[in-house]
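Peer 1: Structure, please.
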Amino acid sequence: MDIPLKVDFVYAVQDSNYNVPVQINLANRTEGAQFYKWTFLNGTPAESSYKEPGFVYFDTPGPITIKLEAWNDYERKEKIIQILLDTVPKSKFNAVPRINNISPVDWDFNFTGEGASRFNWIFESGVPATSSEKNPTQIHYDIPGQYRVSLRVENHRGRFDTISKLITVLPPLNATFDIDPFYEDDDYEAPLQARLLNHTIGATTHSWQATGGVFSNTADSLPTVSFAAPGNYTVSYTASNGKQTQTITRNIQVLPNSGIRTFQNVKLGINTAHTNIGSFFSTYYRKIIKRDSVNSQNGPRIDICFFGLSESFNFNKFISPTEVQNWTFTSIPGATATTIVNKQESCSCGVNLDPAAFDAMTNSSYFDSMSVPSVPGNNDDFNNSNVPRIIIFRNSFGKKGAIKIKQYVSAGDNSYIICDIKVQKD
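Peer 2: Here you go, the predicted model:
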């Protein structure tokens with residue numbers, strides 16, 4: 001008696017693990033068949049004619065098809081099943097700001113992981129705050145700061161993975177800058193060169209303008225600007241970031257070039273005050289240089305040296321930097337010579353600058369025509385009986401100047417004079 005043909009089989013996934021690679025064991029339950037053909041889409045092997053094919057391997061996620069065809073001399077039948085294979089879900093994403101990450105900003109998030117069919121996004125302080133899309137877009141942030149973005153992914157069997165990242169939202173555009181003259185031009189006299197100190201936040205492009213000014217680079221964030229002639233100038237700065245634009249201005253007054261530099265109320269100590277007050281001055285560095293600050297760098301630029309014997313100020317003189325070692329001081333590294341007229345009244349050398357003329361001096365015309373001769377008597381000592389006293393000098397760079405002693409201050413070993421200095425510019 002012939003057995004009716006009935007095609008059937010069962011399968012078992014090894015360890016019940018549906019994450020590829022997967023091994024499936026097949027058991028044939030067909031009745032009444034003489035011949036068999038198995039087809040395993042994306043499987044290894046891909047086909048089999050055995051009644052019992054045993055284990056088949058699959059390494060591609062997604063739906064797979066297993067088909068069994070069976071027949072005898074009278075009829076042919078088949079059975080087809082589909083099984084969904086997975087990968088272990090892996091949560092991974094990229095965060096991409098639109099235009100830039102300067103506030104306000106919209107972010108797009110791209111899932112770059114695998115094995116996920118469900119998505120749960122949480123955007124700290126974002127609008128919207130959550131999403132179930134695979135690739136959410138235009139998540140909006142207004143307030144600068146760092147915010148956590150979390151993503152939980154699952155596959156259809158409930159296996160999951162999570163990840164979180166911080167995104168940074170930068171402050172919105174705020175344009176501001178200052179004009180900072182170079183060290184040589186801090187008197188604001190023409191010609192003047194200045195740095196533009198840009199304190200702007202939130203800018204990606206820069207544009208500078210100033211009628212009458214010349215910029216090192218009008219598109220640089222930190223350019224320099226120069227003005228050749230005196231006048232009132234307006235520097236205009238435009239900052240942009242692709243979303244916002246701001247323009248601000250700063251004014252600067254460039255003064256006529258006087259040709260001189262003035263220092264007021266300079267304290268110079270007697271020889272015993274060199275450590276605490278300082279007995280040397282540099283018109284180039286524009287400062288007092290104390291004993292422990294003298295070095296090979298500033299030594300060649302020290303051009304004024306005061307020697308006071310004691311707090312009684314009975315014996316005082318300005319001395320050339322090349323001779324300080326003869327007057328209780330340590331020699332100056334790289335010292336350069338300064339020619340000095342300590343006492344105009346005994347010089348008989350044609351130099352006659354009185355205190356009133358010193359005070360009235362607003363340009364270098366007097367110094368331009370003045371001669372500072374190297375003759376006997378130029379370096380006489382003086383006492384404190386004549387106040388104010390004017391001392392004339394010429395440094396090694398040929399710059400001529402004058403010192404006006406305004407006051408003698410007795411304070412023991414820390415006694416000092418107070419003076420004003422005017423000198424031709426470098």
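
Peer 1: mind listing the strands in the stretch 101-250 of the chain by residue range?
Peer 2: Listed in chain order, the strands of the stretch 101-250 of the chain (DSSP state E, counting those that start in this stretch) span 105-111, 118-123, 130-131, 139-141, 145-154, 160-169, 177-181, 192-198, 205-209, 213-215, 224-227, 231-240, 245-254.

Peer 1: Please tabulate the ones you listed in a markdown table, including the columns distance to Ile260, mean pLDDT and mean neighbour count.
Peer 2: For glycine as for every other residue, the C-beta is placed from the backbone atoms N, C-alpha and C. Formatted as a markdown table, these follow (distance: least, CB to CB, whole Å; pLDDT from 0 to 100; neighbours: other CB atoms under 10 Å):
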| stretch | distance to Ile260 | mean pLDDT | mean neighbour count |
| --- | --- | --- | --- |
| strand 105-111 | 55 | 98 | 18 |
| strand 118-123 | 65 | 98 | 18 |
| strand 130-131 | 71 | 98 | 15 |
| strand 139-141 | 57 | 98 | 20 |
| strand 145-154 | 54 | 97 | 17 |
| strand 160-169 | 53 | 97 | 15 |
| strand 177-181 | 17 | 98 | 16 |
| strand 192-198 | 16 | 98 | 19 |
| strand 205-209 | 32 | 98 | 16 |
| strand 213-215 | 25 | 98 | 16 |
| strand 224-227 | 20 | 98 | 20 |
| strand 231-240 | 20 | 98 | 17 |
| strand 245-254 | 17 | 98 | 14 |
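
Peer 1: Distance to Leu84 for those strands - can I get that in a markdown table?
Peer 2: A markdown table is the format used below for those (distance: least, CB to CB, whole Å):
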| stretch | distance to Leu84 |
| --- | --- |
| strand 105-111 | 20 |
| strand 118-123 | 14 |
| strand 130-131 | 25 |
| strand 139-141 | 31 |
| strand 145-154 | 14 |
| strand 160-169 | 17 |
| strand 177-181 | 62 |
| strand 192-198 | 59 |
| strand 205-209 | 52 |
| strand 213-215 | 66 |
| strand 224-227 | 68 |
| strand 231-240 | 52 |
| strand 245-254 | 54 |
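
Peer 1: nearest to Gly43, of these?
Peer 2: strand 145-154 (26.1 Å; CB to CB).

Peer 1: can you give me the angle that closest one makes with strand 118-123?
Peer 2: 170 degrees (axes from the mean of the first three to the mean of the last three CA atoms, to 10 degrees).

Peer 1: Now strand 145-154 - C-alpha only, CSV.
Peer 2: Only the C-alpha atoms of strand 145-154 are listed here, as CSV (Å, rounded to 0.1, in the frame of the first residue of the first chain):
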residue,chain,number,x,y,z
GLY,A,145,26.7,74.4,26.8
GLN,A,146,27.4,70.7,26.6
TYR,A,147,24.5,68.3,26.3
ARG,A,148,24.2,64.6,26.4
VAL,A,149,22.6,62.6,23.6
SER,A,150,21.7,59.0,24.4
LEU,A,151,20.6,56.3,22.0
ARG,A,152,19.2,52.9,22.9
VAL,A,153,18.7,50.4,20.0
GLU,A,154,17.0,47.0,20.0
